Structures are given as C-alpha cells and as structure tokens.
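Trainee: Generate coordinates for the sequence data below:
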Amino acid sequence: MALSKKNILIAGLPSSGKTTLIKKLAAELESIHPMGFYTEEIRDNEVRKGFRLRSLDGRKGILSHKDIKSHYKVGKYKVDIEGFEEFLDSIQFFKSDSSLIIIDEIGKMECLSNKFKEIIEKLLDSEKIVVATIALKTGGYISDIKRRDDTQVFELTRANRNHLFSEILTEVEKLLT
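Mentor: Residues are numbered from 1 along each chain as shown. Okay, the predicted model is just below:
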C-alpha cells in the first residue's frame, strides 16, 4: 500500500451531504469491518437540538445538545466532552485488525477534546486508511490536518456528491489492495 496519500478527507459546507456520503461508504465497505463513527442530528419537531454519535457497530452517545450542562459550547450547542471521550474509548481504533477507519467528523465540537485530537493524529500517522469528514472553512488545528502530506482532500458539494462517492470509493478500494 502506498502510504503517501492514505488519508482521505471529505470537506464540505454544512448540509452538503458529508455524513450521508460517509454512511454510504461504511455500508458499501461493511465486509471489511471498518471502525469509527458518524454523527446524526437530534431533532424535536423539526428543530435541531443537538448531535448524536453512532459507532459503526451501533453504539450511541451524545456529542452536543442545547439542553445539557457543559462549560464547552459551539454556537448554540453545549458539548459533552466527558461523554464524547467515553464514547471514543468504546471504539477499538487501534486494537482492531480493521485497516479502515471512518470518522464523521473532524470539526470544532470534536476538537474541543484533546483525546480526540490525539486519536486523530495517531490514526493519521498509522498504517490504517482513514476516511473522515472535515469542515470546509476552518483554521488552526483543522487546517493543519488538511495540509498533511499524506492526506487527500476532496471538496463535496451538492452538485458533485453522487460522482464524488464513486471516486472516493474507488480510491479507498485501491488503497485496500
């Protein structure tokens, strides 16, 4: 496996379809047992209240919610760092023999956790293939991740999301062989 560009980042604006693409990739590649997680909106009467975490093997957690108690906040959402880190501990990122890690997402909320950032860096430096979503407009740590030499960044838009799924799936399949 060529390790020069083995990390794939999918950047896009909110609601561009990043999570949908990640879920489709996870389903398509289920036979190789990828490890990781994705986020889902928590809605109440069509109003977004927060974000739920779901591991690829079905475990759930809460990342953020308007109504939880937390000192950490991004926009109108309070972030449950302790709960997020417990959720991360439940995923066998490094103990698993799976060669594919799927993460949704490397974003502002998630990066409030030092444990998450350490896991991301170890995964990106490992021999595992990492496919992750990431915010399009960022700075600091998130921009540093996008500039890594071993990382390919694909920009997802509503116009290219169907084509981009096939392109990324092909790229991942090449890396797996």
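
Trainee: what helices or strands is the longest helix anywhere in the chain leaning on?
Mentor: Taking DSSP state H as the criterion, the chain has its longest helix at helix 161-176. Here helix 161-176 touches strand 7-12, helix 18-28, strand 129-135, strand 151-156, going by 3 or more C-beta pairs under 8 Å, 6 or more residues apart in numbering; DSSP states H and E. The way it works is simple: take the backbone N, C-alpha and C, and place the C-beta from them, glycine included.

Trainee: which stretches of this structure aren't confidently modelled?
Mentor: 1-4 (pLDDT under 70).

Trainee: Just want the most central residue of it.
Mentor: Asp104 (2.1 Å; C-alpha atoms, centre = their mean).

Trainee: so what's that one closest to, chain neighbours aside?
Mentor: Tyr38 (3.8 Å; C-beta to C-beta, 6 or more residues apart in numbering).

Trainee: what's the first-to-last distance across stretch 131-139?
Mentor: By C-alpha to C-alpha, to the nearest Å, the extent of stretch 131-139 from end to end equals 20 Å.

Trainee: how far out from the middle of the chain is it?
Mentor: Taking the mean of its C-alpha atoms, stretch 131-139 sits 9 Å from the chain's own mean (C-alpha atoms, centre = their mean, to the nearest Å).

Trainee: list the buried ones in it?
Mentor: Within stretch 131-139, the residues scored as buried using 16 or more other C-beta atoms under 10 Å are Val131, Ala132, Thr133, Ile134, Ala135, Leu136, Thr138.

Trainee: Using TSV, lay out those residues together with distance to Lys117.
Mentor: Formatted as TSV, the buried residues of stretch 131-139 follow (distance: C-beta to C-beta, whole Å):
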residue	distance to Lys117
Val131	18
Ala132	13
Thr133	16
Ile134	13
Ala135	14
Leu136	19
Thr138	14
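
Trainee: Which single one of the residues you listed is nearest to Ala159?
Mentor: Leu136 (14.3 Å; C-beta to C-beta).
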